[in-house]
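Engineer: what would the 3D arrangement of this be:
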Amino acid sequence: MIVVPTTDTALTDHVVTLQGQEVTGEIVCQKETSKRAFSFIVYNLSVQQNSTEQKILYTVNNTSFGFLVPALGQSTRWAYWSCNGYQSLAAKKKLNGIQPMWTHLLDCGDIHMMYGGGDQLYMDGIVRDEKTSNLEHEGIFSLPLLQEWMVKPDRVRMEEEFTNELHAQVFEFAIEHYIDQFTEDAFSTALATLPSIMSWDDHDGWDGMGSYKHLNDSKIFQGMFPIMQELYLLFQHHTTLDRAERDCDMFGHKGFSTLHLIDDGATALLSFDTRSERSATQIVHSKSYQKGWDRLKDLPSQTKHILFMIPVPVAYPDMFLIDTVFAVGDRLEFVDKFLRMIPGVKNEFDYEMRDDFLDHWNHHNHEVERNSLIEKAFYLDQTRRVTLISGDVHHMAVGKLKSKSSKQEIYNIVCSAIGNAPPGGIEAKFLKTMSFFHKVSSDVSMELQKKFTRISYPFGDKTKEISNQIINSRNFSVWQQDLTTNEFHIHFYAERDFHKEFPFIYKMTIQPKP
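Structural biologist: Residues are numbered from 1 along each chain as shown. So this is what the prediction gives:
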């Protein structure tokens, strides 16, 4: 898809060829802001696989690009990443932006496709070098009308109207931010040369989108959400609300989930939309789950692996202790005042990390839904290997769910972030400690696997802790199934202290069912 200025001759002004043959485009959507108008033109670059791997060339207005198509019977090599942006200007400068790890991803060998696991951009992050307010939030919340709204009491914020003027401000900022982010040098090269699948997370809209206990129902958030959803479908799936099912075979009650088969169906990638139907008490609607399970009933016999693409990890430490402290702060004013004195604990909406805890499957609001998902995963794992893939948390880890009754084990691979700053050593140590307190149910336990070489926490953290469970470096992973043994080989790429050096590589293999 290309995004171009709207003119009467937009389709003919831009020439796209595939292997030397001109391709006809289709305008799927046109949008307008106070500054300019945009046309979204989609081109079908479908290619037939054959007996050899193909380097496919295409041009856009005489600029050449290329992508690889695996041969029939050749396994697809694909990358997984998440959290491609910043909330802190200091972190952005310290880590040289998102470019270093994208440069490494493009240099790590032939890749056929990639999967973006959420937070493909930070709509609420700091996106320009100057700080525009003295509020904690930046990005979209630096808009004048939103800043006025944020400092008002909750009872006023709940009823404040989402006016046409505010709609125009939010939409213009959001579409311009997408264009800025998706034209970053190395990232734009990846988008142009690696066919992609994507699923969104909160920062594709705003921090904690859908997980606030009361502000979810405010007219402002209710008005902002359709804008974020529409642009997510346009920029990340090249479709619209009305066309999503037809164009991308998306499904769901009110969301946009997907099922993709790769390597002639040897692997099934099921991605539930965990944002469109989210509330403080629900992550995915039961009807959407059922649609997904029904599709899995029709998998071909050669499917050996089912991958659940779920942005927020399931097999992950339970943050109940901190959430309990926040609950006490809600009830006792002196505790709340004390917590407010700690930098970064509270923002204009709530306790800064509460939406993060409400986002997580282990929050008590989501325990029933989580247990149902885990039960279904273990059921499917009886005949095909099930693995969960997640991001969101800004570090690399491998969680494991283990059933005492059936002896089954399901891994949750966590790769995050390719752009954002990793947590400090103290936070990573706390997460490692909390994993020992987590029991999912009377039958299922969770632990973080010791999968990595012990390395010091990087980026100058004063904590001298070392870990082989949580690696708090920027990272991505590359996946490839051996179609002879049906083993899934995963290579984790973790950033070194000096960004230009090629990342550390950690290897892991997931075995098929016997």
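
Engineer: okay, CA-based contacts and neighbour counts for the rest of this
Structural biologist: Will do.

Engineer: so Val284 sits against Ser271, correct?
Structural biologist: No. Taking contacts as C-alpha atoms under 8 Å, Val284 lies outside contact range of Ser271: 11.2 Å.

Engineer: looking at this, Gly292 is in a helix?
Structural biologist: Yes. Using DSSP: H, G, I helix; E, B strand; the rest coil, the secondary structure at Gly292 is a helix.

Engineer: tell me the spacing between it and Leu241.
Structural biologist: With the distance defined as C-alpha to C-alpha, to the nearest Å, Gly292 ends up 19 Å from Leu241.

Engineer: those two: who's more crowded?
Structural biologist: For Gly292 versus Leu241, neighbours defined as other C-alpha atoms under 10 Å are more numerous around Gly292 (19 against 14).

Engineer: ok, residues contacting stretch 284-292?
Structural biologist: Surrounding stretch 284-292, the residues in contact under the criterion C-alpha atoms under 8 Å, 6 or more residues apart in numbering are 251-255, 257, 259, 270, 272-275, 277-278.

Engineer: quick check: the farthest pair among those residues?
Structural biologist: Taking every pair in those and measuring C-alpha to C-alpha, the maximum separation is 19.7 Å, between Leu259 and Arg278.

Engineer: need the pLDDT of Tyr289.
Structural biologist: Tyr289 is assigned 98 on the pLDDT scale.

Engineer: which helix or which strand is home to it?
Structural biologist: The secondary structure element spanning Tyr289 is helix 286-296 (assigned by DSSP states H and E).

Engineer: so where's the stretch 401-514 of the chain uncertain?
Structural biologist: For the stretch 401-514 of the chain, residues meeting the criterion pLDDT under 70 lie at 425-438, 453-467.

Engineer: helices of that one, start to end?
Structural biologist: Counting by DSSP state H, counting those that start in this stretch, the stretch 401-514 of the chain has helices at residues 425-434.

Engineer: all the strands of it, residue numbers only.
Structural biologist: Counting by DSSP state E, counting those that start in this stretch, the stretch 401-514 of the chain has strands at residues 409-414, 444-448, 455-456, 466-467, 475-481, 488-494, 504-510.

Engineer: try the stretch 101-250 of the chain
Structural biologist: According to DSSP E, counting those that start in this stretch, the stretch 101-250 of the chain carries its strands in the segments 113-116, 196-198.

Engineer: next one: the stretch 251-400 of the chain
Structural biologist: 258-262, 267-271, 305-309, 385-390, 397-403.

Engineer: now the angle from the last one to strand 444-448?
Structural biologist: Between the axes of strand 397-403 and strand 444-448, defined by axes from the mean of the first three to the mean of the last three C-alpha atoms, to 10 degrees, the angle is 160 degrees.

Engineer: which residues are in contact with strand 397-403?
Structural biologist: Applying C-alpha under 8 Å, 6+ apart, the external contacts of strand 397-403 come out as 315-316, 408-415, 443-451, 469-471.

Engineer: could you flag which of the residues you listed are buried?
Structural biologist: Applying a neighbour-count criterion of 16 or more other C-alpha atoms under 10 Å, the buried members of the contacts of strand 397-403 are 315-316, 409-415, 444-448, 451, 469-471.
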